[in-house]
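Q: A structural model of the following input is requested.
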Amino acid sequence: MNNRASALLERYAPPVLGGIVILLVWEYVPGFFKVSKLLLPPPSSVIRSVWLIYDRGLLVENFAATLTEALAGFAVGSISAIFFAFLVTRSLIVERTLMPYLVGFQALPKVALAPLIIVWMGIGIESKIFIAAIISFFPVLINAIVGFSTVEAEKIDLMRSLVASRWQQFRIVIFPNSLPFIFAGLNVAIVLSITGALVGEFIGADRGLGNLLLQLNYNMDISGMFAVLLVLAILGIILYALVRFLHIRFVFWAKPDIRSGSN
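A: Numbers count the residues shown, from 1 in each chain. Just a heads-up that it's a prediction; the model follows:
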């Protein structure tokens, strides 16, 4: 019990203490330099704005909209990326055919594509999901390709000696071997999916935290804008932690190094 308490203290004490220091500096140092609270509101004002936005009924619905868009886009983008990675690594012809187009599509600035996507799909949730999906697609694709391509030859030879089909080789050896790489891409994609949802909401939306952020910006409510940003930061941390938890839970034979922030 003492060892576990010590491990938890070692893991969580540094970020908690660091956060306290940042909040104290943010609360008092700007005032020492006479920075206006209208330009840089203190944390106490930001927390009050979070409650005010919630009390006005603006937080829950907009939060739910952005969360739905981000998670749906993350799911669509990740599943599509794993599927294309499978196709690319199963055939040299498919790789030579698809990869230039996939890389070229990734090179296109998604912020520039967003207005076109809104025109095509409207301001509904579908366009936000699509933007979140294409932004979260490439990190998972690259990591899945690496994972599918780095299986030890001895394992494949063993499966062939057992007369395993290509599907059995993929299901029993290749896919499990690739999971640490795939989860590395998922860790990045889950955060990018929030960015994708916000980009879509900035371009055209009638709800969502991005839309709320624009409204607060129009009203020059800086404290309210910081409040929304705080909510987005917390959302990103929670979703990232959830993916890390699933990583540790399902890839128990290849846990991330504790120095990277995992158990």
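Q: any stretches of this protein with poor pLDDT?
A: Applying pLDDT under 70 to the chain flags the ranges 1-2, 7-8, 254-263.
Q: which residue of it lies farthest from its centroid?
A: Computed with CA atoms, centre = their mean, the maximum C-alpha offset from the centroid of the chain is found at residue 161, amounting to 40.7 Å.
Q: that one and residue 155: what is the separation?
A: Per CB to CB, to the nearest Å, residue 161 is found 11 Å from residue 155. Any C-beta I mention is one placed from the backbone N, CA and C, and that applies to glycine too.
Q: could you give the number of residues near residue 162?
A: 10 (other CB atoms under 10 Å).
Q: could you pull up the residues touching it?
A: Residues counted as contacts of residue 162 (CB atoms under 8 Å, 6 or more residues apart in numbering): none.
Q: how long is stretch 49-60 end to end?
A: 14 Å (CA to CA, to the nearest Å).
Q: how far away from the center of its chain is it?
A: Mean C-alpha position of stretch 49-60 versus that of the full chain (CA atoms, centre = their mean, to the nearest Å) differs by 24 Å.
Q: cool, stretch 218-238 as well?
A: So, by CA atoms, centre = their mean, the centroid of stretch 218-238 is 17 Å from its chain's centroid.
Q: what residues does that stretch touch?
A: For stretch 218-238, the surrounding residues in contact (CB under 8 Å, 6+ apart) are 38-41, 45-50, 52-53, 59, 63, 66-67, 70, 191, 194, 198, 209, 212-213, 216-217.
Q: how about 7 Å then?
A: For stretch 218-238, contacts defined as CB atoms under 7 Å, 6 or more residues apart in numbering pick out 38-39, 41, 45-46, 49-50, 53, 63, 67, 191, 194, 209, 212-213, 216-217.
Q: what about dumping the CA coordinates of it to PDB?
A: Output in PDB follows, covering the C-alpha atoms of stretch 218-238 (Å, rounded to 0.1, in the frame of the first residue of the first chain):
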ATOM      1  CA  TYR A 218     -17.600  39.400 -30.600                       C
ATOM      2  CA  ASN A 219     -18.800  40.600 -27.200                       C
ATOM      3  CA  MET A 220     -15.100  41.200 -26.100                       C
ATOM      4  CA  ASP A 221     -15.700  38.900 -23.100                       C
ATOM      5  CA  ILE A 222     -12.000  37.900 -22.600                       C
ATOM      6  CA  SER A 223     -12.700  36.200 -19.300                       C
ATOM      7  CA  GLY A 224     -15.400  34.100 -21.000                       C
ATOM      8  CA  MET A 225     -13.100  33.200 -23.800                       C
ATOM      9  CA  PHE A 226     -10.500  32.000 -21.300                       C
ATOM     10  CA  ALA A 227     -13.200  30.000 -19.600                       C
ATOM     11  CA  VAL A 228     -14.100  28.200 -22.800                       C
ATOM     12  CA  LEU A 229     -10.400  27.600 -23.500                       C
ATOM     13  CA  LEU A 230     -10.000  26.100 -20.000                       C
ATOM     14  CA  VAL A 231     -12.900  23.800 -20.700                       C
ATOM     15  CA  LEU A 232     -11.300  22.700 -24.000                       C
ATOM     16  CA  ALA A 233      -8.000  22.100 -22.300                       C
ATOM     17  CA  ILE A 234      -9.700  19.900 -19.600                       C
ATOM     18  CA  LEU A 235     -11.600  18.000 -22.400                       C
ATOM     19  CA  GLY A 236      -8.300  17.400 -24.200                       C
ATOM     20  CA  ILE A 237      -6.600  16.100 -21.100                       C
ATOM     21  CA  ILE A 238      -9.500  13.800 -20.200                       C
END
